[in-house]
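Visitor: Would you be able to build a 3D model of this:
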Amino acid sequence: MSGVRLKHQRITEVLAKEIRSGRRPPGEQLPGEHALAQRFGVSRTTVRAALAELSEAGLIATRTGKGSYVLFDGRPLDDRLGWARALATQGIDTRVRTVAVRGVHDEQLADQLGLHSPEFVCVERTRELVADAVVVSYERSFLPPVPGIRELPERGLERESLTDVMGRAGLRPDHGEQRLGGRRIDAREAQLLRRAPGDWFLDTRRTSRAADGSFVEHVVSLLDPDHFRLTVEFG
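Guide: Numbers count the residues shown, from 1 in each chain. Presented below is the predicted three-dimensional model:
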């Protein structure tokens with residue numbers, strides 16, 4: 001067992017060095033398991049262990065079979081825990097501004113999500129790049145009004161991470177789905193995004209659920225197409 005561990009650690013170190021040094025540019029797809037196994041003279045099981053470590057370190061995003069994922073400036077984002085952590089993992093420094101935290105009654109959304117209660121807590125935020133203050137996203141997170149969340153409209157988020165607040169409230173995403181389209185932004189959205197009404201933005205809808213299938217979060221995001229794009233893999 002120790003020999004296998006040493007082998008996959010060696011592969012992890014070599015690939016991590018190639019990624020961090022820029023030899024493998026952001027967004028470049030690594031060779032397949034078979035090619036890596038041949039390169040390092042190991043089994044595919046050993047390669048999988050190395051790829052798992054690279055994924056855990058945030059250096060790659062692995063996907064099997066068919067799937068789609070979002071890129072930021074060519075870098076793959078694993079946004080299952082939200083844009084903040086996904087961007088931070090890639091070393092992208094952003095600043096978040098909370099626009100509003102309020103309770104909402106939305107029967108259409110509840111019906112769409114298969115929920116009995118139409119009551120939500122909605123957290124609206126914009127996200128901008130620290131380097132040049134360009135606003136790259138406007139996000140609305142719809143959360144169930146469970147203890148720890150239902151109080152947010154009164155006390156606000158302050159400087160807390162929404163992900164951390166959700167974790168303390170027992171809202172931990174396990175699986176879900178994400179849909180992506182595009183549309184022109186309206187006057188209010190344009191003001192928040194510092195753009196012109198009618199500008200075209202990517203529109204993503206991500207619904208997360210806990211391991212038992214219960215509702216955790218529904219996020220509607222407008223993403224700047226100058227920085228974000230969708231990649232689809234097949235085969």
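Visitor: And the helix or strand where residue 109 lies, what's buried?
Guide: Assigned by DSSP states H and E, residue 109 belongs to helix 107-113. By 16 or more other Cβ atoms under 10 Å, the buried positions in helix 107-113 come out as 109, 110, 113. Bear in mind the C-beta positions are built from the backbone N, C-alpha and C, glycine included.
Visitor: could you point out the longest helix in this structure?
Guide: helix 2-21 (DSSP state H).
Visitor: residues of the helix or strand following that one that come out buried?
Guide: Sequence order places helix 33-40 as the next helix or strand after helix 2-21, per DSSP H and E. Neighbour-count burial for helix 33-40, with 16+ other Cβ under 10 Å as criterion, is recorded at 33, 36, 37, 40.
Visitor: can you count the residues close to residue 149?
Guide: Neighbourhood size, residue 149 [other Cβ atoms under 10 Å]: 22.
Visitor: correction: residue 210
Guide: Count around residue 210 with other Cβ under 10 Å applied: 16.
Visitor: Can you tell me how far it is from residue 143?
Guide: Residue 210 sits 13 Å away from residue 143, going by Cβ to Cβ, to the nearest Å.
Visitor: so what sits against both of these two?
Guide: Here residue 210 and residue 143 share the contacting residues 171, 216, scored by Cβ atoms under 8 Å, 6 or more residues apart in numbering.
Visitor: Quick one: low-confidence residue ranges for this protein.
Guide: Applying pLDDT under 70 to the chain flags the ranges 1-5, 25-29, 58, 61-71, 74, 78-82, 231-235.
Visitor: and if we set it to 80?
Guide: Scanning the chain for pLDDT under 80 picks out the ranges 1-6, 19-30, 32, 52, 54-91, 158-159, 229-235.
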